[in-house]
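Undergrad: Mind folding the following:
(chains A, B and C)
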Amino acid sequence: MSTTTGTLTSPRGGRRAVDLVVRVLVYVSALIAIAPLVWILVSIVAEGLPAILSASWWTQDLAGTTDRRAGGGALHAIIGTLEIGLVTAVVAVPVAVMGAIFLIEYARGTRWARLVSFTVDILSGIPSIVAALFVYTLLITLLGLGRSAVAASLALVLLMLPTVLRSTEEMLKLVPDSLREAAYALGLPKWKTVVQVVIPTAFSGIATGVILGLARVMGETAPLLILVAYARNLYLSPTTSNMGTLPTMINSGRNVAETLPGYSRVWGAALTLILLVMGLNLLARGVARAGRLKDR
Amino acid sequence: MSTSNLHFATIKHGGDRSFRAGAIAAAVVVVLLVLFVGVFLAVLAIPSLRRDTVSFLTSTQWNVGTGTLQFGIAGLLWTTAITSVVAMILAVPVAVGTALLVTQYVPPRVGSTIGFLIDLLAAVPSIIFGLWGLKLLGPFLGPFYDWLQRVLGWIPLFGKGVESTGNVLTASIVLAIMVLPIVSAMSRNVFAHTPRDHIEAALALGATRWEMIRTAVIPYGRSGVIAASMLGLGRALGETIAVMIILSQTTTEGINVSLFAGGETFASKIANNAQEFDSPAKTGAYIAAGLVLFVVTFAVNAVARVVAERRVS
Amino acid sequence: MRVTRMTKLAALAALSTIALTACTNSAASTGGSSTGTSAGSLACPSGSITGEGSTAQTNAIQQIIAAYNDACKNAAKIEYNPTGSGAGVKNFNAGLVDFGGSDSALSADEHTAAAARCKNSEAWDLPLVVGPVAFSYNLKGVSKLVLNADVLAKIFMGQITSWNDPAIAALNSGVTLPNTPVKVFYRSDDSGTTDNVSKYLKATAPSVWTPEHSKTWKGKGGEGKNGSSGVAQAVKATDGAIGYLEWSFATDNKLGIAQLNTGNGGVELNADSVGKALEAAKITGTGNDLTLQLDYATKAAGAYPAVLVTYEIVCSGGLDSAKTAVVKDFLTYFASDAGQKSLSDVGSAPLPASLRAKVNTAIQAIK
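TA: I've put the predicted structure just below:
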């Protein structure tokens, strides 16, 4: 505060100039932050739009085509991405929600809660490649299983868990205790209170967390690279060792020569992935907003 | 607090018991997962580390193909550190600047729109950042790199590196853009919670907006920004695919300190060689590298948490 | 144009298949319908197989898979992951994939491991794709460049660092060479292309190229890029660059290709000059395990010596019967006249007829 004494008079030239410089810098920094987003989006839409506008993009895989043949589509990769994401969510969401319930409903304020909370923080900081390596050592080195889509999903569980757990925890925290007490007063056992009162109240927040978690894991590449082989055909079984996904489709084609039809498919895959991930993000935003409106 | 007293009263219901057991089990799973990651990596790394014929910490060699194992992480550690540190140097000022703009300079409605756009940047998958860095950003910056090298080439940091634009600097810039939304979002959050009376007091004393920020907003938000930067750093250290796509590898022995050098980070080294995990000894070498990455990110994240908690208390 | 011709061929093949299998419908499951002599006898079993390995044969095998799918109306799913020969052999031996693709035949140790993977049946190397290695360069104002093994070795060992080096100039009289620094790009992943290039250099310039041949690049200096396509993209983007890659990647990216001087002036890389080099090759290996011994040091006039043969590595038995049927049928098409001819589209030379017959015999002997 001592620095501001004696500034009761209106700012003099020097001070005003500094203020102006900072103001300019602050605006410029926002421009710098937004420019890459615009650049990435514009170039990917420009390069990828022709590919995804054809009907075959959404209905065919790449079985009958090569990098030098036009046609084919990304169905195998789209289905693969959705399927791996879905399997991940099926495993991660129950654990995450129950973990959050433990933190808020059963262990709030205890040493156990602090320990779990700390490990969740650590888990959210684990690089995806380390998660992938962990699953690799567990399933492939120690148990001798082969690569599979499920293995990739398990690595992604490690990445999705903390996201969903944290957001669920935040939402459960916001549910007022008065609501719980009212339920107990009506003779509802604790577990029914949680399932029938607390979770429905926090539902939109939990759903937001799940959608954001999905968006994160669907855009991940590193675990897919190590744990499942890229495929050009459509495979549906989660235990298959080959499955195409949008990120690995981009990765496998990233060096295709510009003169070949396969080149535009790489950008098409990038655009499809962006649409999917950003779509999920916008959906999450919408769900969160709808939840807030309902509360009013 | 009252709820925790209540739950003991209602514990006798059978449904309650199993539900509680489920919640506890989930918590145990989370704790065990983190424990297992560390333990499994360590257990599988140790046999290879024992057979390593060069110093694991100080060697820059990486020959794990045949016969004797020679692997050291010095080169990986350097490239990982330099890319991440340069990324933070580039990202933090921009992130703080944007956070200030959003919270202190523009009306909330405009601010939330800008914030939304920057958050959207966080939604871009890393493979797309990699593709962009490889195909568009690198070639675009090429002439600038040439100029920089001509003018500043006498400084080792800007010395001769690889010929393509697949160098440390390109990787750093892409990493900077990737961590920017993380640092920016958290900084925005703390700046927005600057006590109203501090701001008004400063302004009432005739401070310019910058003086108000310097005396009220920044002191209040400093530790928050530091915590945010640590989290961003953790993300940058472990980023895999974007770095793998962008960085060129070199056969140079030792460490080239130039920003124009190629190289490999822990994460890109592992991902690049994921297809080569054929023998346990060889895999163990990569797992050892993964273990170091795990320990480093663990430490960085733990520090971030401590800083953030100190701020709260 | 070529595509339509291909489709016609494929359709013909499909038609003849129907004709053949119509009377012996049950033959398809045993794979007995193939006589091994004609190209059109495809059984088109359903099932899915996966191969992995050499990136050098990516374009070729994608082409064959697509054509086979056309011929068989997508009856089977065939996957090929171009992750490098090293990975291909490793993952084949680990039982993760059904066939391997490699630019080098299996070593003795690898044969032992492969036999274990094939439930004590032998694994066979089948040479199926012949692709020349292009030494591609990107040098402003230079559209024709002649090099020889000695100069290439010196470039890759970091002994020639400028394009106007007297050694290069001596091979290119009349061409103005700029004093641009030479920028070498190599494969950062384990690669059979690297192995073949180092074999070629070891055979032709042993005093300069001192390292043993290896799938890992042992040159000095330069910059590593992932996959042939990665090297191609880097050469394309960099003035003064040179790199080695499989021919089709050079033509796809419209890169300059150096001619090789083996003593009688520069030899351009084309189907003819590759054919001449193959004439000098010997078939070795035991029984149905076929290895092609190339003569890298050939001085035959008009022969382009830097040729790469890539193999499919298969179990001679021991794979489950459904997969075996698909592997056999697919490889039958691969080795067929139609299959091999279609490969010229992607910069591979067809196998010589004598070799093709032997490969076909081996394929039909797979149990």
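
Undergrad: Now the residue of the stretch 151-300 of chain B found nearest chain A. Nearest residue, chain neighbours left out?
TA: For the stretch 151-300 of chain B, the residue closest to chain A is residue B:238, as judged by CB to the nearest CB, at 2.3 Å. For the C-beta atoms, the positions are set from N, CA and C on the backbone; glycine is no exception. Nearest in space to residue B:238, with sequence neighbours left out and distances taken as CB to CB, 6 or more residues apart in numbering or on different chains, is residue A:127 at 2.3 Å.

Undergrad: Same question for residue A:172.
TA: Excluding its sequence neighbours, the residue lying closest to residue A:172 (CB to CB, 6+ apart) is residue A:104, at 4.1 Å.

Undergrad: Chain C versus the one you found, what's the distance?
TA: Between residue A:104 and chain C the computed distance is 44 Å (CB to the nearest CB, to the nearest Å).

Undergrad: for residue A:139, same thing?
TA: Taking CB to the nearest CB, one finds residue A:139 at 13 Å from chain C.

Undergrad: which residues touch the residue of the stretch 151-300 of chain B closest to chain A?
TA: Contacts for residue B:238 (CB atoms under 8 Å, 6 or more residues apart in numbering or on different chains) come out as A:125, A:126, A:127, A:128, A:129, A:130, B:266, B:267, B:293, B:297.

Undergrad: Who wins on neighbours among those residues?
TA: Neighbour counts for those (other CB atoms under 10 Å in any protein chain shown) peak at residue A:129, which has 33 neighbours.

Undergrad: Now name the helix or strand holding the residue of the stretch 101-250 of chain C found nearest chain B.
TA: Here the residue of the stretch 101-250 of chain C nearest chain B is residue C:224; by CB to the nearest CB that distance is 3.6 Å. Using DSSP states H and E, residue C:224 maps to strand C:223-225.

Undergrad: can you list the residues that contact that strand?
TA: Against strand C:223-225 from outside (CB under 8 Å, 6+ apart): B:162-164, B:166, B:248-251, B:262, C:183-188, C:217, C:231, C:233-234, C:243.

Undergrad: swap the cut-off to 10 Å and go again
TA: Here strand C:223-225 makes contact (CB atoms under 10 Å, 6 or more residues apart in numbering or on different chains) with A:255, B:161-164, B:166-167, B:247-252, B:262, B:264, B:272, C:183-189, C:216-217, C:230-235, C:238, C:241, C:243, C:245.

Undergrad: averaged over its residues, what pLDDT does whichever helix or strand residue C:62 is part of have?
TA: Using DSSP H and E, residue C:62 maps to helix C:58-72. Averaged over helix C:58-72, pLDDT sits at 89.

Undergrad: where's residue A:171 relative to chain B, distance?
TA: From residue A:171 across to chain B, the span is 16 Å (CB to the nearest CB).

Undergrad: is chain A contacted by stretch C:169-183?
TA: No. Taking CB under 10 Å from any CB of the partner chain as the criterion, stretch C:169-183 and chain A are apart, separated by no less than 17.7 Å.

Undergrad: Over to that stretch now: how far is its first residue from its last?
TA: 17 Å (CA to CA, to the nearest Å).

Undergrad: quick one on the thing from earlier: who does the residue of the stretch 101-250 of chain C closest to chain B form a beta bridge with?
TA: For residue C:224, the beta-bridge partners are residue B:249, residue C:186 (DSSP bridges).

Undergrad: Show the pLDDT at it.
TA: pLDDT at residue C:224 comes out at 89.

Undergrad: Residue B:307 too?
TA: Note on residue B:307: pLDDT of 86.

Undergrad: contacting residues for it?
TA: B:222, B:223, B:224, B:225, B:226, B:227, B:228, B:229, B:230, B:231.

Undergrad: How far does the helix or strand hosting it sit from its chain's centre?
TA: Per DSSP H and E: residue B:307 is located in helix B:280-312. For helix B:280-312, the separation from the chain centroid amounts to 11 Å (computed by CA atoms, centre = their mean, to the nearest Å).

Undergrad: Buried residues in it, which are they?
TA: With burial defined by 16 or more other CB atoms under 10 Å in any protein chain shown, the residues of helix B:280-312 counted as buried are B:282-294, B:296-298, B:300-305, B:307-308.

Undergrad: And for stretch C:70-87?
TA: C:70-72, C:74-87.

Undergrad: cool, stretch B:86-101 as well?
TA: B:86-88, B:90-92, B:94-101.

Undergrad: show me where pLDDT drops low in the stretch 1-150 of chain A?
TA: Within the stretch 1-150 of chain A, the stretches with pLDDT under 70 are A:1-11.

Undergrad: residues in contact with residue B:46?
TA: B:284, B:287, B:288, B:291.

Undergrad: tell me which element it is part of?
TA: Residue B:46 is located in helix B:14-51, with elements delineated by DSSP H and E.

Undergrad: Briefly note if the next helix-or-strand element following that helix comes near chain A.
TA: Downstream of helix B:14-51, the first helix or strand assigned by DSSP H and E is strand B:62-63. No. Judged by CB under 10 Å from any CB, strand B:62-63 and chain A are separated, with a smallest distance of 16.5 Å.

Undergrad: neighbours of residue 76, just the number please.
TA: Since you didn't name a chain, this refers to chain A. 26.

Undergrad: I was thinking of chain B, sorry if that wasn't clear
TA: Neighbour tally, residue B:76, other CB under 10 Å: 23.

Undergrad: Confirm for me that residue B:276 is in contact with residue C:190.
TA: Yes. Using CB atoms under 10 Å, residue B:276 is in contact with residue C:190, at 6.6 Å.

Undergrad: Off-centre distance for stretch C:187-204?
TA: Distance, centroid of stretch C:187-204 to centroid of chain: 13 Å (CA atoms, centre = their mean).

Undergrad: can you tell if it touches chain A?
TA: No. Shown here: stretch C:187-204 not in contact with chain A (CB under 10 Å from any CB), separated by at least 11.9 Å.

Undergrad: still on that earlier bit, how about JSON lines for the contacts of residue B:238, with secondary structure and distance to residue A:282 added?
TA: Listed next are the contacts of residue B:238 as JSON lines, based on DSSP: H, G, I helix; E, B strand; the rest coil; distance: CB to CB, whole Å:
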{"residue": "A:125", "secondary structure": "helix", "distance to residue A:282": "26"}
{"residue": "A:126", "secondary structure": "coil", "distance to residue A:282": "27"}
{"residue": "A:127", "secondary structure": "coil", "distance to residue A:282": "27"}
{"residue": "A:128", "secondary structure": "helix", "distance to residue A:282": "23"}
{"residue": "A:129", "secondary structure": "helix", "distance to residue A:282": "28"}
{"residue": "A:130", "secondary structure": "helix", "distance to residue A:282": "30"}
{"residue": "B:266", "secondary structure": "helix", "distance to residue A:282": "34"}
{"residue": "B:267", "secondary structure": "helix", "distance to residue A:282": "29"}
{"residue": "B:293", "secondary structure": "helix", "distance to residue A:282": "33"}
{"residue": "B:297", "secondary structure": "helix", "distance to residue A:282": "30"}
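
Undergrad: so, if you compare these, which one comes nearest to chain C?
TA: Checking those one by one against chain C (CB to the nearest CB), the nearest turns out to be residue B:267, at 15.0 Å.

Undergrad: quick one: the helices in the stretch 51-200 of chain A?
TA: A:55-59, A:75-101, A:111-125, A:128-135, A:149-174, A:177-185, A:190-193, A:199-218 (DSSP state H, counting those that start in this stretch).
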